[in-house]
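Q: Quick one: sequence plus predicted model below, questions after.
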Amino acid sequence: MPQLPAPDYPADVRARLEADAKEIIARYPDSRSALLPLLHLVQAEEGYVTRTGVRFCAEMLELTTAEVTAVSTFYSMYRRKPSGDYQVGVCTNTLCAVMGGDAIFEELKEHLGVGNNETTEDGKVTLEHIECNAACDFAPVVMVNWEFFDNQTPETAKRLVDDLRAGRQVQPTRGAPLCTYKETARILAGFPDRRPGAVEATGGAGPASLIGLRLAKGEQPAARVVAPRGEVAHDAPQPGSEHLSSHDAPQQTSDSDPAHPAGPAAEEGE
């Protein structure tokens, strides 16, 4: 059966969203360009892009609901069903997977009792596997509402989601303090983050990410931290002295077989 037209927002909500939408649209010479931030705006209202949100965007931009739907369903950052206060994404792309991302994702599914893109009964956490987030130097990476939690293990990841569900304060490895998914969506719509200290808490790249830049500038790179297998690195920095990557300070997170460690390539057939 064809769906009935989507209901409108209540009058007070509609008036508030219209004021915000007009501010967003005024930033662009072509109003259609405002569609992505408008979708974030309606997502900030209900936690996902509802049919009512699609209708609102279409009316504000003089588009069809089909045009808005085509965009909102193309990008994974727009939720299509109710989701939790905290979107917990586990990177399962190649490097994070082999460093332990697959193990983290499987253990979180069992620990939370949910599958991919499902939400816990208390409405706090939505779990999903995500593609590369350009943080390979700190693999395996977990993101919560797009904030980084680097060098994770199954144990730290389970502690993380338990803290989120219990309402305990959680601090990302780098970047701004956490806020709810709806609050994150409003920031992505282009409105200022007015939380004290949030803007100043930037998440710069760590040493592992900057080594290429330093070499390009002719700077002397820091001594390697990882020693050959079976040897001890005597020049390794003290723990906590800098934000190292998994490759500088290997974590026991992968599913690799300890009985068959990586080594020099053998002759073909051996």
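A: Yep, that arrived. Residues are numbered from 1 along each chain as shown.
Q: longest helix of this protein?
A: With secondary structure taken from DSSP state H, the chain has its longest helix at helix 11-25.
Q: So for residue 1, what's the pLDDT?
A: Per-residue confidence (pLDDT) for residue 1: 58.
Q: Could you do residue 101 as well?
A: 92.
Q: Can you classify it by secondary structure?
A: helix (DSSP: H, G, I helix; E, B strand; the rest coil).
Q: Strands of the stretch 101-250 of the chain, start to end?
A: Taking DSSP state E, counting those that start in this stretch as the test, the strands found in the stretch 101-250 of the chain are 118-119, 125-130, 142-144, 147-149.
Q: Present the ones you listed as JSON lines; the columns should include mean neighbour count, mean pLDDT and distance to residue 75.
A: Using the backbone N, CA and C atoms, a C-beta is placed for each residue, glycine as well. Formatted as JSON lines, those follow (neighbours: other C-beta atoms under 10 Å; pLDDT from 0 to 100; distance: least, C-beta to C-beta, whole Å):
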{"stretch": "strand 118-119", "mean neighbour count": "18", "mean pLDDT": "94", "distance to residue 75": "19"}
{"stretch": "strand 125-130", "mean neighbour count": "22", "mean pLDDT": "94", "distance to residue 75": "13"}
{"stretch": "strand 142-144", "mean neighbour count": "23", "mean pLDDT": "94", "distance to residue 75": "16"}
{"stretch": "strand 147-149", "mean neighbour count": "21", "mean pLDDT": "90", "distance to residue 75": "19"}
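Q: To residue 25, which of those lies closest?
A: strand 147-149 (28.3 Å; C-beta to C-beta).
Q: Residue 108 is nearest to which of the strands of the stretch 101-250 of the chain?
A: strand 125-130 (5.8 Å).
Q: which strands and helices sit next to the closest one?
A: Counting contacts by 3 or more C-beta pairs under 8 Å, 6 or more residues apart in numbering; DSSP states H and E, strand 125-130 packs against strand 86-91, helix 102-112, strand 118-119, helix 154-166.
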